[in-house]
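structural data only, the sequence is not supplied:
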């Protein structure tokens, strides 16, 4: 008597799980409908019943990343945290998701608008700042100042690889050498950062040290601005 192999039915969730695994292993450039179909063992046309083409697949991947950000943040933020600590924990938790999925910053950064599933995330950041006494105006400025750091990454000034995380050092050094005479300080700075990042960064200008330094600088500035406004209200009351 022969035993039949039982296949897991194809579903949107199964397609997205396979796409995430493929992107993690080989980068976003490997994620095509044809390759994904081969990985899940179906014809490419079968995928279209679950994701409406490559654009729909990318939207699904973005949503899957956002779900993971929500889960990471929920586990990291405590009700006892003050506003500054809570926002810091939130940003670092989101970054842990970006480090696990190094293609995610490029994907989220390429969205033409904020996915609606991120609205509750920003609502919580805003609520945290308001509870901390920042007020809507300063909280609005703070969210703008933090930018994509609330999602765990920084937008790159230099982007040798659009997916973030892969740097061809020889090509980068050749490019730096070509512009060294015209831009000596910029060249020296970039060369120093390429060699002295000290750990595996998300991108050329997005190491963990740089991320935390910038995050703390911004949060300290917001805290000082909030304290200054509070003193001003007290003296003018």
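Perfect, thanks for sending it. From a predicted model like this one, the values you see are computed outputs, not experimental measurements. Numbering: from 1, shown residues only.

name the residues of stretch 224-237 that are buried.
Within stretch 224-237, the residues that qualify as buried are residue 226, counting by 16 or more other C-beta atoms under 10 Å. The C-beta positions use only the backbone N, C-alpha and C, and glycine is treated the same way.

what's that stretch in contact with?
Contacts with stretch 224-237, where a contact means C-beta atoms under 8 Å, 6 or more residues apart in numbering, come from 132, 133, 134, 135, 138.

only the buried subset of those residues, as a PyMOL command please.
In PyMOL syntax, the buried subset of these is picked out as below (16+ other C-beta under 10 Å):
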select buried, resi 132+134+135+138
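
tabulate the contacts of stretch 224-237 (a markdown table), appending secondary structure.
Listed next are these as a markdown table, based on DSSP: H, G, I helix; E, B strand; the rest coil:
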| residue | secondary structure |
| --- | --- |
| 132 | coil |
| 133 | coil |
| 134 | coil |
| 135 | helix |
| 138 | helix |
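
what pLDDT does residue 33 get?
On pLDDT, residue 33 comes in at 94.

so it touches residue 47, yeah?
Yes: with contact defined as C-beta atoms under 8 Å, residue 33 reaches residue 47; the gap is 5.6 Å.

shared neighbours of these two, anything?
residue 57.

counting neighbours, what do you get for the closest residue to residue 44 other than its chain neighbours?
Closest residue to residue 44 apart from its sequence neighbours, by C-beta to C-beta, 6 or more residues apart in numbering: residue 37 at 4.1 Å. Residues near residue 37, counting by other C-beta atoms under 10 Å, number 19.

residue 37: which element?
Counting by DSSP states H and E, the element that carries residue 37 is helix 33-40.

ok, residue 99 next?
In this structure, residue 99 sits in helix 83-100 according to DSSP H and E.

equivalent analysis for residue 209, please.
Here residue 209 is assigned to helix 208-236, by DSSP H and E.

so the residue nearest to residue 44 sits against residue 48, correct?
No: Residue 37 is not in contact with residue 48 according to C-beta under 8 Å; the separation is 9.8 Å.

for residue 54, what are its contacts?
Going by C-beta under 8 Å, 6+ apart, the list of residues near residue 54 reads 32, 33.

and the gap between it and residue 21?
17 Å (C-beta to C-beta, to the nearest Å).

just to revisit the earlier point, pull the distance from the following helix or strand past the helix holding residue 37 to the chain's centre.
Note on helix 33-40: by DSSP H and E, the next helix or strand toward the C-terminus is helix 44-47. Relative to the chain's own centre, helix 44-47 is displaced by 29 Å; criterion: C-alpha atoms, centre = their mean, to the nearest Å.

and which of the contacts of stretch 224-237 is nearest to residue 10?
residue 132 (46.8 Å; C-beta to C-beta).

which residues are in contact with that closest one?
By C-beta under 8 Å, 6+ apart, residue 132 lies in contact with 82, 83, 84, 226.

make CSV from those and add pLDDT and distance to residue 209 to it.
Formatted as CSV, those follow (pLDDT from 0 to 100; distance: C-beta to C-beta, whole Å):
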residue, pLDDT, distance to residue 209
82, 96, 24
83, 97, 24
84, 97, 19
226, 93, 26
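
only the buried residues of stretch 38-47, if you could.
39, 40, 42, 47.
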